[in-house]
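**Student:** Any chance you can model this:
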Amino acid sequence: MSDSDQRLDRANAEFEEFVSMTAHHLRESLREVASYSQLMAKTYAGRLDSDAGVFLDRIREGAARMESLLADVVDYWATGTGDRQVSRTDMEAVLGQALLLTDKQIAERAAIVTHDPLPTVTGNFEILAKVLHHLIRNAVEYCATPSPRVHVSARREGSEWVFPVRDNGPGIDPAFHGRIFGVFKRLHGKEHPGNGLGLAFCKKAVEWHDGRMWMESAPGEGSTFYFTLPPAD
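**Tutor:** Take a look at the predicted model:
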(Lines give C-alpha, C1' and ligand atoms only; values in the text may rest on other atoms or scores of the structure.)
Protein backbone atom coordinates (compact mmCIF):
# COMPACT_ATOMS: atom_id res chain seq x y z
CA MET A 1 0.00 0.00 0.00
CA SER A 2 1.38 3.42 -0.97
CA ASP A 3 1.88 6.29 1.47
CA SER A 4 -1.01 8.20 -0.11
CA ASP A 5 -3.32 5.19 0.33
CA GLN A 6 -2.28 4.86 3.96
CA ARG A 7 -2.93 8.58 4.56
CA LEU A 8 -6.35 8.26 2.92
CA ASP A 9 -7.20 5.24 5.10
CA ARG A 10 -6.15 7.12 8.23
CA ALA A 11 -8.16 10.18 7.20
CA ASN A 12 -11.23 8.05 6.52
CA ALA A 13 -10.87 6.29 9.87
CA GLU A 14 -10.50 9.60 11.70
CA PHE A 15 -13.51 11.07 9.94
CA GLU A 16 -15.58 7.97 10.70
CA GLU A 17 -14.70 8.28 14.38
CA PHE A 18 -15.49 12.01 14.28
CA VAL A 19 -18.94 11.44 12.74
CA SER A 20 -19.74 8.65 15.19
CA MET A 21 -18.67 10.61 18.28
CA THR A 22 -20.36 13.83 17.13
CA ALA A 23 -23.64 12.01 16.51
CA HIS A 24 -23.35 10.28 19.90
CA HIS A 25 -22.89 13.54 21.81
CA LEU A 26 -25.64 15.32 19.87
CA ARG A 27 -28.07 12.48 20.54
CA GLU A 28 -27.20 12.55 24.26
CA SER A 29 -27.96 16.30 24.33
CA LEU A 30 -31.26 15.75 22.55
CA ARG A 31 -32.22 13.07 25.04
CA GLU A 32 -31.58 15.56 27.84
CA VAL A 33 -33.79 18.14 26.13
CA ALA A 34 -36.59 15.58 25.79
CA SER A 35 -36.11 14.30 29.34
CA TYR A 36 -36.15 17.73 30.99
CA SER A 37 -39.14 18.91 28.97
CA GLN A 38 -41.02 15.80 30.11
CA LEU A 39 -39.89 16.43 33.71
CA MET A 40 -41.18 20.02 33.51
CA ALA A 41 -44.54 18.81 32.22
CA LYS A 42 -44.87 16.40 35.17
CA THR A 43 -43.49 18.74 37.83
CA TYR A 44 -45.70 21.67 36.84
CA ALA A 45 -48.77 19.66 35.87
CA GLY A 46 -51.86 21.72 36.55
CA ARG A 47 -49.86 24.95 36.86
CA LEU A 48 -49.12 25.42 33.15
CA ASP A 49 -51.59 26.91 30.74
CA SER A 50 -52.57 25.05 27.57
CA ASP A 51 -50.04 26.93 25.44
CA ALA A 52 -47.14 25.90 27.68
CA GLY A 53 -48.19 22.26 27.42
CA VAL A 54 -48.28 22.51 23.64
CA PHE A 55 -44.84 24.13 23.60
CA LEU A 56 -43.35 21.34 25.72
CA ASP A 57 -44.91 18.72 23.45
CA ARG A 58 -43.36 20.44 20.43
CA ILE A 59 -39.96 20.45 22.15
CA ARG A 60 -40.15 16.70 22.79
CA GLU A 61 -41.36 15.99 19.24
CA GLY A 62 -38.58 18.11 17.77
CA ALA A 63 -35.93 16.37 19.87
CA ALA A 64 -37.26 12.96 18.83
CA ARG A 65 -37.22 13.93 15.13
CA MET A 66 -33.68 15.24 15.39
CA GLU A 67 -32.49 12.09 17.17
CA SER A 68 -34.07 9.96 14.44
CA LEU A 69 -32.46 12.16 11.76
CA LEU A 70 -29.03 11.78 13.33
CA ALA A 71 -29.40 8.00 13.43
CA ASP A 72 -30.41 7.93 9.76
CA VAL A 73 -27.57 10.27 8.76
CA VAL A 74 -25.03 8.00 10.46
CA ASP A 75 -26.57 4.92 8.79
CA TYR A 76 -26.51 6.62 5.38
CA TRP A 77 -22.95 7.82 5.74
CA ALA A 78 -21.63 4.54 7.16
CA THR A 79 -23.09 2.38 4.38
CA GLY A 80 -20.32 1.74 1.90
CA THR A 81 -17.48 2.78 4.21
CA GLY A 82 -15.11 0.45 5.99
CA ASP A 83 -14.52 -3.20 5.15
CA ARG A 84 -17.10 -4.95 3.01
CA GLN A 85 -18.58 -7.70 5.18
CA VAL A 86 -21.08 -9.98 3.47
CA SER A 87 -21.99 -13.62 3.95
CA ARG A 88 -24.79 -16.11 3.28
CA THR A 89 -27.86 -14.30 4.56
CA ASP A 90 -31.33 -15.76 5.01
CA MET A 91 -33.80 -13.12 3.80
CA GLU A 92 -36.61 -14.62 5.87
CA ALA A 93 -34.53 -13.95 8.98
CA VAL A 94 -33.77 -10.47 7.62
CA LEU A 95 -37.50 -9.83 7.21
CA GLY A 96 -38.13 -11.04 10.75
CA GLN A 97 -35.64 -8.51 12.09
CA ALA A 98 -37.14 -5.76 9.92
CA LEU A 99 -40.59 -6.52 11.36
CA LEU A 100 -39.21 -6.20 14.89
CA LEU A 101 -37.76 -2.80 13.98
CA THR A 102 -41.11 -1.74 12.53
CA ASP A 103 -43.30 -3.30 15.22
CA LYS A 104 -44.53 0.02 16.64
CA GLN A 105 -45.70 1.40 13.28
CA ILE A 106 -47.32 -1.90 12.30
CA ALA A 107 -49.21 -2.10 15.60
CA GLU A 108 -50.35 1.54 15.50
CA ARG A 109 -51.83 1.17 12.00
CA ALA A 110 -53.01 -2.45 12.40
CA ALA A 111 -51.02 -3.19 9.25
CA ILE A 112 -50.73 -6.63 7.67
CA VAL A 113 -47.34 -7.68 6.31
CA THR A 114 -47.18 -10.90 4.32
CA HIS A 115 -44.44 -12.61 2.36
CA ASP A 116 -43.66 -15.45 0.00
CA PRO A 117 -40.81 -17.87 0.75
CA LEU A 118 -37.61 -15.82 0.64
CA PRO A 119 -34.19 -17.07 -0.48
CA THR A 120 -30.69 -16.96 0.92
CA VAL A 121 -28.49 -14.28 -0.65
CA THR A 122 -25.02 -12.84 -0.33
CA GLY A 123 -25.35 -9.79 1.86
CA ASN A 124 -25.00 -8.01 5.17
CA PHE A 125 -27.77 -9.00 7.59
CA GLU A 126 -27.94 -5.74 9.54
CA ILE A 127 -27.93 -3.47 6.48
CA LEU A 128 -30.56 -5.52 4.63
CA ALA A 129 -32.81 -5.56 7.71
CA LYS A 130 -32.70 -1.76 7.71
CA VAL A 131 -33.56 -1.70 3.99
CA LEU A 132 -36.71 -3.77 4.55
CA HIS A 133 -37.49 -1.79 7.71
CA HIS A 134 -37.50 1.51 5.79
CA LEU A 135 -39.56 0.11 2.92
CA ILE A 136 -42.17 -1.44 5.21
CA ARG A 137 -42.30 1.58 7.51
CA ASN A 138 -42.87 3.94 4.58
CA ALA A 139 -45.57 1.70 3.13
CA VAL A 140 -47.40 1.57 6.48
CA GLU A 141 -47.06 5.22 7.48
CA TYR A 142 -47.98 6.73 4.11
CA CYS A 143 -50.94 4.42 3.46
CA ALA A 144 -54.20 6.38 3.52
CA THR A 145 -56.44 3.31 3.83
CA PRO A 146 -57.55 1.97 7.24
CA SER A 147 -55.76 -1.34 6.67
CA PRO A 148 -52.25 -0.96 5.25
CA ARG A 149 -50.99 -4.10 3.52
CA VAL A 150 -47.44 -4.90 2.48
CA HIS A 151 -46.29 -7.99 0.63
CA VAL A 152 -42.65 -9.04 0.17
CA SER A 153 -41.78 -11.59 -2.50
CA ALA A 154 -38.77 -12.80 -4.48
CA ARG A 155 -38.03 -14.25 -7.89
CA ARG A 156 -34.83 -15.45 -9.50
CA GLU A 157 -33.81 -13.68 -12.69
CA GLY A 158 -30.55 -14.91 -14.14
CA SER A 159 -27.66 -14.14 -11.82
CA GLU A 160 -29.66 -12.15 -9.25
CA TRP A 161 -32.66 -12.28 -6.96
CA VAL A 162 -35.35 -9.63 -7.46
CA PHE A 163 -37.33 -8.58 -4.35
CA PRO A 164 -40.60 -6.70 -4.91
CA VAL A 165 -42.11 -4.94 -1.88
CA ARG A 166 -45.71 -4.10 -2.79
CA ASP A 167 -48.17 -1.94 -0.83
CA ASN A 168 -51.78 -0.81 -1.14
CA GLY A 169 -51.03 2.85 -0.52
CA PRO A 170 -52.14 5.90 -2.49
CA GLY A 171 -49.46 5.47 -5.14
CA ILE A 172 -46.99 8.06 -6.43
CA ASP A 173 -47.34 10.21 -9.53
CA PRO A 174 -44.73 9.22 -12.17
CA ALA A 175 -43.62 12.87 -12.26
CA PHE A 176 -42.00 12.34 -8.84
CA HIS A 177 -40.36 8.97 -9.50
CA GLY A 178 -37.04 10.54 -10.49
CA ARG A 179 -36.55 12.35 -7.20
CA ILE A 180 -37.90 9.86 -4.69
CA PHE A 181 -34.50 8.25 -3.96
CA GLY A 182 -32.75 11.61 -3.48
CA VAL A 183 -31.29 12.68 -0.14
CA PHE A 184 -33.79 14.74 1.90
CA LYS A 185 -36.37 14.51 -0.90
CA ARG A 186 -39.80 14.20 0.67
CA LEU A 187 -43.10 13.91 -1.19
CA HIS A 188 -45.24 14.42 1.92
CA GLY A 189 -45.62 17.32 4.29
CA LYS A 190 -45.01 17.45 8.03
CA GLU A 191 -48.25 15.59 8.68
CA HIS A 192 -46.24 12.42 8.01
CA PRO A 193 -43.10 11.39 9.92
CA GLY A 194 -39.80 10.98 8.13
CA ASN A 195 -36.77 12.99 7.13
CA GLY A 196 -36.17 12.16 3.47
CA LEU A 197 -33.27 9.78 4.08
CA GLY A 198 -34.98 6.38 4.22
CA LEU A 199 -35.23 5.62 0.51
CA ALA A 200 -31.87 7.27 -0.20
CA PHE A 201 -30.33 4.90 2.35
CA CYS A 202 -32.12 1.90 0.77
CA LYS A 203 -30.80 2.68 -2.70
CA LYS A 204 -27.26 3.26 -1.44
CA ALA A 205 -27.35 0.08 0.65
CA VAL A 206 -28.60 -2.03 -2.26
CA GLU A 207 -25.97 -0.61 -4.61
CA TRP A 208 -23.32 -1.38 -1.97
CA HIS A 209 -24.44 -4.99 -2.43
CA ASP A 210 -23.90 -4.62 -6.22
CA GLY A 211 -27.67 -4.55 -6.65
CA ARG A 212 -30.19 -2.20 -8.24
CA MET A 213 -33.27 -0.44 -6.92
CA TRP A 214 -36.28 1.08 -8.65
CA MET A 215 -40.02 1.52 -8.23
CA GLU A 216 -43.31 1.23 -10.09
CA SER A 217 -46.29 3.26 -8.95
CA ALA A 218 -49.27 5.29 -10.11
CA PRO A 219 -51.88 7.28 -8.18
CA GLY A 220 -54.54 5.00 -6.76
CA GLU A 221 -52.65 1.81 -7.61
CA GLY A 222 -50.22 1.45 -4.72
CA SER A 223 -46.45 1.21 -5.08
CA THR A 224 -43.96 -1.57 -5.61
CA PHE A 225 -40.31 -1.06 -4.74
CA TYR A 226 -37.86 -3.51 -6.30
CA PHE A 227 -34.30 -4.31 -5.35
CA THR A 228 -31.87 -6.97 -6.46
CA LEU A 229 -29.25 -8.95 -4.57
CA PRO A 230 -26.65 -11.52 -5.58
CA PRO A 231 -27.51 -15.15 -4.80
CA ALA A 232 -25.68 -17.18 -2.20
CA ASP A 233 -24.75 -19.93 -4.67
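**Student:** Would you quantify the distance from the closest residue to Ile180 other than its chain neighbours to Pro231?
**Tutor:** Take Ile180 and drop its neighbours on the chain: the residue closest to it by Cβ to Cβ, 6 or more residues apart in numbering is Leu199, 5.9 Å away. C-betas here are computed from N, CA, C, even on glycine. The gap separating Leu199 from Pro231 is 24 Å, by Cβ to Cβ, to the nearest Å.
**Student:** between those two, which one's more packed in?
**Tutor:** For Leu199 and Pro231, the more surrounded residue by other Cβ atoms under 10 Å is Leu199, and the numbers stand at 23 against 14.
**Student:** In contact with the more buried one: list those residues for me.
**Tutor:** 134, 138, 180-181 (Cβ atoms under 8 Å, 6 or more residues apart in numbering).
**Student:** Now Ser68: phi and psi?
**Tutor:** phi -60, psi -40 (degrees, to the nearest 10).
**Student:** number of nearby residues for it?
**Tutor:** 16.
**Student:** can you give me the strands in this protein?
**Tutor:** Per DSSP state E, the chain carries strands over the ranges 87-90, 112-115, 120-123, 149-152, 155-157, 160-167, 213-217, 223-229.
**Student:** JSON lines please, covering these and showing distance to Val73.
**Tutor:** Compiled in JSON lines, the strands of the chain are given as follows (distance: least, Cβ to Cβ, whole Å):
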{"stretch": "strand 87-90", "distance to Val73": "25"}
{"stretch": "strand 112-115", "distance to Val73": "27"}
{"stretch": "strand 120-123", "distance to Val73": "22"}
{"stretch": "strand 149-152", "distance to Val73": "26"}
{"stretch": "strand 155-157", "distance to Val73": "33"}
{"stretch": "strand 160-167", "distance to Val73": "23"}
{"stretch": "strand 213-217", "distance to Val73": "20"}
{"stretch": "strand 223-229", "distance to Val73": "21"}
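**Student:** Tell me which of those lies nearest to Gln38.
**Tutor:** strand 112-115 (31.8 Å; Cβ to Cβ).
**Student:** Can you spell out which helices and strands pack onto the closest one?
**Tutor:** helix 91-101, strand 149-152 (3 or more Cβ pairs under 8 Å, 6 or more residues apart in numbering; DSSP states H and E).
**Student:** Comparing these, which comes out most buried?
**Tutor:** strand 149-152 (a mean of 21; mean count of other Cβ atoms under 10 Å).
**Student:** Pairing partners for that strand, with directions?
**Tutor:** Strand 149-152 sits in its sheet next to strand 112-115 (parallel), strand 160-167 (antiparallel), going by DSSP bridges.
**Student:** what mean pLDDT does the longest one have?
**Tutor:** The one in question is strand 160-167. For strand 160-167, mean pLDDT is 97.
**Student:** Please apply the same query to the first one.
**Tutor:** Regarding strand 112-115, the rounded mean pLDDT is 97.
**Student:** The residue most central in space within the chain and Ser68: what is the separation?
**Tutor:** Residue closest to the mean C-alpha point of the chain, counted by Cα atoms, centre = their mean, is His134 at 3.4 Å. His134 sits 12 Å away from Ser68, going by Cβ to Cβ.
**Student:** list residues touching both of those two?
**Tutor:** Counting by Cβ under 8 Å, 6+ apart, nothing touches both His134 and Ser68.
**Student:** Tell me how many other residues crowd the closest residue to Val33 other than its chain neighbours.
**Tutor:** Counting by Cβ to Cβ, 6+ apart, Val33 lies nearest to Ala63, which is 4.6 Å off, once chain neighbours are set aside. Counted with other Cβ under 10 Å, residues neighbouring Ala63 total 21.
**Student:** I'm done for today, thanks for sticking with me.
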